[in-house]
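Enquirer: here's my sequence, what's the structure:
(2 chains)
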There are 2 protein chains.
Amino acid sequence: MTEPPVAPLAVPIGAAAYRARRERVAALARAAGADVSVWWANHRVSYLSGFAFVPTERPIALVIAVDGETVLFVPRLELEHAQAYAHVDRVEAYPEFPGERHPMHVLADLLRSLGLRARLAGDGEGYPKVMGYTGPRVTDLTDATFTALDDELERMMQVKGDDEIALIRESARWAGRAHRLLQDLTRPGLSETEVEQAVTAQATKELLDAYQGTYRAFTWGLAGPWATYRGQVGPHSAFPHALNVNAVFAPGDTLVTGATCPMFGYWSELERSMVLGEPSAEQRTWFAHMLALQDLAIDACRPGRTCSSVDRAVRAYVERHGIGHTWRHHVGHNIGLRYHEGPFLDVGDDTVMEVGMLFTVEPGVYVPGLGGFRHSDTILVSASGPEFLTDYPRELDDLVIPA
Amino acid sequence: MTEPPVAPLAVPIGAAAYRARRERVAALARAAGADVSVWWANHRVSYLSGFAFVPTERPIALVIAVDGETVLFVPRLELEHAQAYAHVDRVEAYPEFPGERHPMHVLADLLRSLGLRARLAGDGEGYPKVMGYTGPRVTDLTDATFTALDDELERMMQVKGDDEIALIRESARWAGRAHRLLQDLTRPGLSETEVEQAVTAQATKELLDAYQGTYRAFTWGLAGPWATYRGQVGPHSAFPHALNVNAVFAPGDTLVTGATCPMFGYWSELERSMVLGEPSAEQRTWFAHMLALQDLAIDACRPGRTCSSVDRAVRAYVERHGIGHTWRHHVGHNIGLRYHEGPFLDVGDDTVMEVGMLFTVEPGVYVPGLGGFRHSDTILVSASGPEFLTDYPRELDDLVIPA
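Expert: Predicted coordinates for the structure are as follows:
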């Protein structure tokens, strides 16, 4: 994409979809013999209610009775915010954490009023230790035993619906636009930080102009298209998960990028290897290995195959070409409301790929002293095979920045 | 502060400080009868080693033998990165998660080689379910029992050393600069997003110019001064934890801001209530209540007093003035490597304040239909009383933006 998109293509997920998701959860809880289920992890709460929020030391929980009745349990400071945005039957607030009466006692009362007697289900017996939170588990305060259903909910979240895929496709479109600006604005003598910020500002302005007030990120912090080097500039790019070091670009640099855009809570991932100035023979060799690895990995993303088979195909290539010293990590991960989620394209994950799963496909090659080489595309497993949701040039000739 | 700072005032924490912190942890583990301790939470790993990283589904753990020998356990992709940045005795890498052999089995071997026999200590028996991670606990794979020392480490982290305070003070200086730009650049017809991005870009450029290559954020994502409205514009500012809604500024808006700057991993917090155009009588009244609340709360931050007493003083004022309908949350939280950490300025937290603790002091008043009113300053509990680390005007006349 070389021109900014002009029309908005995404709309937020609606109340009926959230209700349908919760009905599936209620059915799981009934099947587990539970009286009620409780969900703590912030993205799971968002998945089931549409309420996006800043998780803090103050517990937030989504409570679903077995008949589907749903109550969002929030601290007082989130009451009106939740009432305005959450698709639930009602919102109940406790004053504060830790407060005069600890919120877990308030929640235990609420759970009892919704039918909790013998068995609680959900993704935990209590709120995790977020930002200094401490407190008893619900099961410490009631006679209920606990059945974990987090793996079941994760399996639901792993397979995306058409409404979710549309948002991730739109995220990818804006990631592509931000990446185009990143490539165009990078030049020797500038720092990664100033280029990133200029790109982010321009791409975000374009998005806001296109959406005319209807865009929402549903995230804390980043609220528009973003493209970054996060420290992967020159030899430092050989660290696959480097952090920003305010690198200044110089001719000859090997570069690894990242771009995304939160779209009503959903994410995509686009990464590219680029070279500043005419690539050396060594850079061409490693780039070609990386591209061959990504080609074969993408081709392997098909329904009915295992995730592990994708990673095994990559590792076989690495072994066959004697480049094991450049290998650093598995092929990729699922993506959705979270930037990483399972299953993983890894030799140890035998999950069978299904239509509607998404994967970042991003095998890398890392050469100390020279740099790293990694593309990442967001790939949909469709009935007819792998489908690119990201759309950006992948060949080296298209990824050389004039020095 | 109205002019950009020109000299850098902060340096990263050195190897000796990390070693001293770990020696205290090793002593705690010895006192608990443990053979070895293991630390999983990413900011605790950073606190004890200086290694900042992106936490993913791949477990990272810091292992400290009772004699103080320290090994950082990382996935292959972080090996060279950790070797370059972590202040530890050595780094050990496992291939990948989940991998052909699950990393917890590799870690169990490492722990045994470092002396684990009967008792493990630390902040958890296994890696938490980050980004889709699943796996056994270390205690499932060994004969060891587990003693939690996370509360003890939290108490260490709650009281800051001079090296940490210097970084937070410098963070506050740059937060102030970003806030000055935010106030200067906001005007009717612009959107919160475009103003935020312009501010962030300019303040970051100033910081990079001042530091001449020596600045590091040690964070993932944000890498410089940042100022934001995060949706708290006009009536939407009545949601204490709103998210960005791309609000467009209009005369009469009540505004609540936030500003910070990551400084070698450490944070400060600066927030201000502002008004766009001549304040109404109603805005003046609520602003005055908010300022009175913050004054009395700051004055109460003294060594030997309890955290709960600060919140009680605020709540007494609220009750005395009959404004309980505008109350939404407790007074504040400790801050350091994490943006929120305990103890909390809350009626339910009877921690006694000590010299070296830091608090955000941020009581708020929220009026549906009109907006929210909240200042936050980062306050050091010093022997002589409360000390402002943030330095920015607090009076309404200084916080009116021309409409």
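
Enquirer: so where is chain A shaky, pLDDT-wise?
Expert: Within chain A, the ranges that satisfy pLDDT under 70 run A:1-6.

Enquirer: can you give me the helices in it?
Expert: Counting by DSSP state H, the segments of chain A that form helices are A:15-31, A:42-49, A:79-85, A:103-113, A:138-141, A:150-158, A:162-185, A:192-211, A:281-299, A:307-320.

Enquirer: which parts of the stretch 151-300 of chain A sit against chain B?
Expert: Contact residues (C-beta under 8 Å from any C-beta of the partner chain) of the stretch 151-300 of chain A with chain B: A:151, A:154, A:191, A:193-194, A:197-198, A:200-201, A:204-205, A:208, A:213, A:215-224, A:230, A:238-246, A:248. C-beta coordinates here come from the backbone N, C-alpha and C atoms, glycine included.

Enquirer: next up, the contacts around A:His241.
Expert: Counting by C-beta atoms under 8 Å, 6 or more residues apart in numbering or on different chains, A:His241 makes contact with B:53-54, B:56, B:77-78, B:81.

Enquirer: sorry, back to before: JSON lines for the helices of chain A, including mean neighbour count and distance to B:Ile379?
Expert: Listed next are the helices of chain A as JSON lines, based on neighbours: other C-beta atoms under 10 Å in any protein chain shown; distance: least, C-beta to C-beta, whole Å:
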{"stretch": "helix A:15-31", "mean neighbour count": "17", "distance to B:Ile379": "41"}
{"stretch": "helix A:42-49", "mean neighbour count": "22", "distance to B:Ile379": "29"}
{"stretch": "helix A:79-85", "mean neighbour count": "19", "distance to B:Ile379": "27"}
{"stretch": "helix A:103-113", "mean neighbour count": "19", "distance to B:Ile379": "26"}
{"stretch": "helix A:138-141", "mean neighbour count": "17", "distance to B:Ile379": "35"}
{"stretch": "helix A:150-158", "mean neighbour count": "17", "distance to B:Ile379": "39"}
{"stretch": "helix A:162-185", "mean neighbour count": "22", "distance to B:Ile379": "39"}
{"stretch": "helix A:192-211", "mean neighbour count": "21", "distance to B:Ile379": "30"}
{"stretch": "helix A:281-299", "mean neighbour count": "18", "distance to B:Ile379": "51"}
{"stretch": "helix A:307-320", "mean neighbour count": "19", "distance to B:Ile379": "50"}
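
Enquirer: most neighbours, which of the contacts of A:His241?
Expert: Among those, the one with the most neighbours (other C-beta atoms under 10 Å in any protein chain shown) is B:Glu78, at 27 neighbours.

Enquirer: that residue contacts B:Ala93, correct?
Expert: Yes: B:Glu78 lies in contact with B:Ala93 (C-beta atoms under 8 Å); the separation is 7.3 Å.

Enquirer: what residue spans form the domains of chain A?
Expert: Domain segmentation of chain A under automatic domain parsing yields A:15-153, A:159-401.

Enquirer: in a markdown table, list those domains along with distance to B:Gly99.
Expert: Listed next are the domains of chain A as a markdown table, based on distance: least, C-beta to C-beta, whole Å:
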| stretch | distance to B:Gly99 |
| --- | --- |
| domain A:15-153 | 20 |
| domain A:159-401 | 5 |
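
Enquirer: can you say which of those is nearest to B:Thr260?
Expert: The closest of the domains of chain A to B:Thr260 is domain A:159-401. By C-beta to C-beta, the value is 10.9 Å.

Enquirer: gap between the two ends of that closest one?
Expert: Domain A:159-401 has an end-to-end distance of 38 Å (C-alpha to C-alpha, to the nearest Å).

Enquirer: the nearest residue to A:Val45 once chain neighbours are set aside: what's it in contact with?
Expert: The spatially closest residue to A:Val45, leaving aside those adjacent along the chain, is A:Leu62, at 4.7 Å (C-beta to C-beta, 6 or more residues apart in numbering or on different chains). Neighbouring residues of A:Leu62 by C-beta under 8 Å, 6+ apart: A:38-39, A:44-45, A:48-49, A:70-73, A:88.

Enquirer: now, the most widely separated pair of those residues?
Expert: Farthest pair in the contacts of A:Leu62, by C-beta to C-beta: A:Arg44 and A:Val71, 15.2 Å.

Enquirer: between the contacts of A:His241, which sits nearest A:Asp123?
Expert: Nearest to A:Asp123 out of those is B:Thr56 (C-beta to C-beta; 19.4 Å).

Enquirer: thinking the closest one is in contact with B:Met131, fair?
Expert: Yes: applying C-beta under 8 Å as the test, B:Thr56 and B:Met131 come out as touching, 5.2 Å apart.

Enquirer: mutual contacts of those two, please.
Expert: A:His340.

Enquirer: could you pick out which of the contacts of A:His241 are near chain A?
Expert: B:53-54, B:56, B:77-78, B:81.

Enquirer: A:Ala84 and B:Glu78, how far apart?
Expert: 41 Å (C-beta to C-beta, to the nearest Å).

Enquirer: tell me the contacts of the residue of the stretch 101-250 of chain A found nearest chain B?
Expert: Closest to chain B within the stretch 101-250 of chain A is A:Gly132: 3.4 Å, counting by C-beta to the nearest C-beta. Counting by C-beta under 8 Å, 6+ apart, A:Gly132 makes contact with A:57, B:154, B:333-334, B:338, B:340-344.

Enquirer: out of the residues you listed, flag the one nearest to B:Arg305.
Expert: Nearest to B:Arg305 among the contacts of A:Gly132, with distances taken as C-beta to C-beta, is B:Pro343, at 11.9 Å.

Enquirer: ok, how many other residues are close to the closest one?
Expert: Count around B:Pro343 with other C-beta under 10 Å applied: 24.

Enquirer: what's the closest non-adjacent residue to it?
Expert: Per C-beta to C-beta, 6+ apart, closest to B:Pro343 is B:Thr351, 3.8 Å.

Enquirer: what sits opposite A:Arg90 in the beta ladder?
Expert: Beta-bridge partners of A:Arg90, counted by DSSP bridges, are A:Val71.
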